[in-house]
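Visitor: how does the following fold in three dimensions:
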Amino acid sequence: MIKNRINAIEYIRGISMLGVIGIHTGSQYLSNQLSNIHLVALFEIVTRFSVPIFFFVSAFGLFYNLNLNEKFNYVQFMKKRFKTVLIPYLSWSFIYLMHYTLTYGDYSPWSITTILFYLFFGLSSYQLYFLVILLWFYALMPIWIWMIKRMTVVKLALLLVFQIVFDYYSSFILSPNSSSKLINTFIEYRLNYIVLHYIFIFIWGGYCAVHYEAFHAKLQKYYKLLSSSFIVSLASLLGYYYYLIYYEQYTAESAINTAHQLSPAGIFYTIGATLFFFGIFTFAKIPNPLHSFLSILGKHSYFAYLFHPFAISYLYLTIGYTGHLMTAPITIVFYLAVAAISILVAMLMRSIGNKFPLLNILLIGIYPKTKK
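Guide: Predicted coordinates for the structure are as follows:
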């Protein structure tokens, strides 16, 4: 039985896409050695919930309409996920590789071993690794079903502790110093395929979906308290960032590479942001124009996420050709322009794809509806 649509999931997806664009805009802004550390914090710290919250909404969507009491059809499940994720992943990987070759005249990525290397780790473009991790989550779906069937609040808390310990070890202790080049490669790109980096947020998303009525009731009852957790957790992550800069004398770039979403403060910020956005999009009175805007963001977030590096690259080149630096005002306009272009191109391509379905199939895994 298909349950009622939950708008909060779609809206969070759109907000997260804007956050990812913010992170990548911040990377461009750091090319200015005189970059404002507070604007860097806005782009690189405030947005840090963006990637992990995607795993929450992905798991929520998977488990919301899944009957755990029925036999799980793994083959059918994977066929559907291959259509919606694997085919777009392959399509965009080859688009970015082709763009690189046409731009630089370098054909080295087109050897079989290099292509397989790029595809396994999601290296054709810097945002594609997310789809690799998502595919691994899909491939291991029977494990997540087994876990969520037996999950309790206490076990979730223990899983959170594991998450903090594992991510801390991976982020701040583990390093590729093996005598084996192959092992070093797998360690170097561990964030691109090891699902354990995001296991708590994924399982939590699935657990909330399975127990949605209870989750909804608790969220409504403690809405103000849970919303305040967003402010507290954000303040903690920002405090860590400023501590690294002012006390430890880190550069802004080093600080954001330390105070990230896998740090303990970053994990709690993701939890706070998830509760905040889910609550506000469920219980707050949102004007109709804003509802429409959020719906558009959610609907086109997939394409915009996959496409936005093109907008970033060419807008950055344009700024360079005009002789301007990425100053604070230019960076803000740059961000708005990248987001707008990405959404507009997504809308245009969806419209074209409605007339030529193969385009939507290859780029976003959307298939034409079959007539009954």
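Visitor: show me where pLDDT drops low in the chain?
Guide: Applying pLDDT under 70 to the chain flags the ranges 1-3, 370-372.
Visitor: just give me the longest helix of it.
Guide: helix 288-321 (DSSP state H).
Visitor: tell me which stretches of the stretch 201-350 of the chain form helices.
Guide: 212-221, 223-246, 252-256, 264-283, 288-321, 328-355 (DSSP state H, counting those that start in this stretch).
Visitor: so which of the ones you listed gets nearest Phe172?
Guide: Proximity to Phe172 (C-beta to C-beta) singles out helix 264-283 among these, at 10.1 Å. The way it works is simple: take the backbone N, C-alpha and C, and place the C-beta from them, glycine included.
Visitor: and that closest one, how far out from the chain middle?
Guide: Mean-position distance between helix 264-283 and its chain equals 14 Å (C-alpha atoms, centre = their mean, to the nearest Å).
Visitor: name the helices or strands packed onto that helix?
Guide: helix 7-29, helix 50-64, helix 153-172, helix 199-210, helix 212-221, helix 223-246 (3 or more C-beta pairs under 8 Å, 6 or more residues apart in numbering; DSSP states H and E).
Visitor: Thr84: neighbour count?
Guide: 18 (other C-beta atoms under 10 Å).
Visitor: and what of Arg13?
Guide: Neighbourhood size, Arg13 [other C-beta under 10 Å]: 22.
Visitor: surely it touches Phe303?
Guide: No: between Arg13 and Phe303 there is no contact under C-beta atoms under 8 Å: 11.9 Å.
Visitor: how many residues are close by Pro289?
Guide: Pro289: 8 neighbours (other C-beta under 10 Å).
Visitor: ok, now Ala340?
Guide: 12.
Visitor: now do Glu70
Guide: 7.
Visitor: change the start of the numbering to 29 and stick with it
Guide: Fine by me, first position is 29 from now on; the one you just mentioned is Glu98.
Visitor: for it, give its distance to Phe165.
Guide: 20 Å (C-beta to C-beta, to the nearest Å).
Visitor: next: Phe258.
Guide: On the measure of C-beta to C-beta, Phe258 and Phe165 end up 25 Å apart.
Visitor: next one: Ile380
Guide: 31 Å.
Visitor: among the helices and strands packed on helix 292-311, which is nearest His288?
Guide: Smallest distance to His288 across the helices and strands packed on helix 292-311 (C-beta to C-beta): 7.3 Å, for helix 181-200.
Visitor: what comes up buried for the closest one?
Guide: Neighbour-count burial for helix 181-200, with 16 or more other C-beta atoms under 10 Å as criterion, is recorded at Leu184, Leu187, Leu188, Gln191, Ile192, Phe194, Asp195, Ser198, Ser199.
Visitor: would you reformat those residues as CSV and include distance to Tyr135?
Guide: Below are the buried residues of helix 181-200 laid out as CSV (distance: C-beta to C-beta, whole Å):
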residue, distance to Tyr135
Leu184, 49
Leu187, 46
Leu188, 47
Gln191, 42
Ile192, 44
Phe194, 39
Asp195, 38
Ser198, 35
Ser199, 36
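Visitor: between all of those residues, which two are separated the most?
Guide: That would be Leu184 and Ser199, which, of the buried residues of helix 181-200, are the farthest apart (C-beta to C-beta) at 21.7 Å.
Visitor: burial count for Lys383?
Guide: 8.
Visitor: wait, what's in contact with the residue nearest to the spatial centre of the chain?
Guide: Among the residues of the chain, the one closest to the centroid is Val79, at 2.8 Å (C-alpha atoms, centre = their mean). Applying C-beta atoms under 8 Å, 6 or more residues apart in numbering to Val79 gives the contacts Ser44, Val48, Phe158, Gln289.
Visitor: the third one against Phe82, yeah?
Guide: Pointing back at Phe158 there. Yes: counting by C-beta under 8 Å, Phe158 touches Phe82, with 6.7 Å between them.
Visitor: these two: who's more crowded?
Guide: The neighbour comparison of Phe158 against Phe82 (other C-beta under 10 Å) goes to Phe82, with 25 against 21.
Visitor: residue contacts, the more buried one?
Guide: Arg41, Ser44, Phe158.
Visitor: give me that answer again for 6 Å
Guide: Phe82 makes contacts with Ser44, as judged by C-beta atoms under 6 Å, 6 or more residues apart in numbering.
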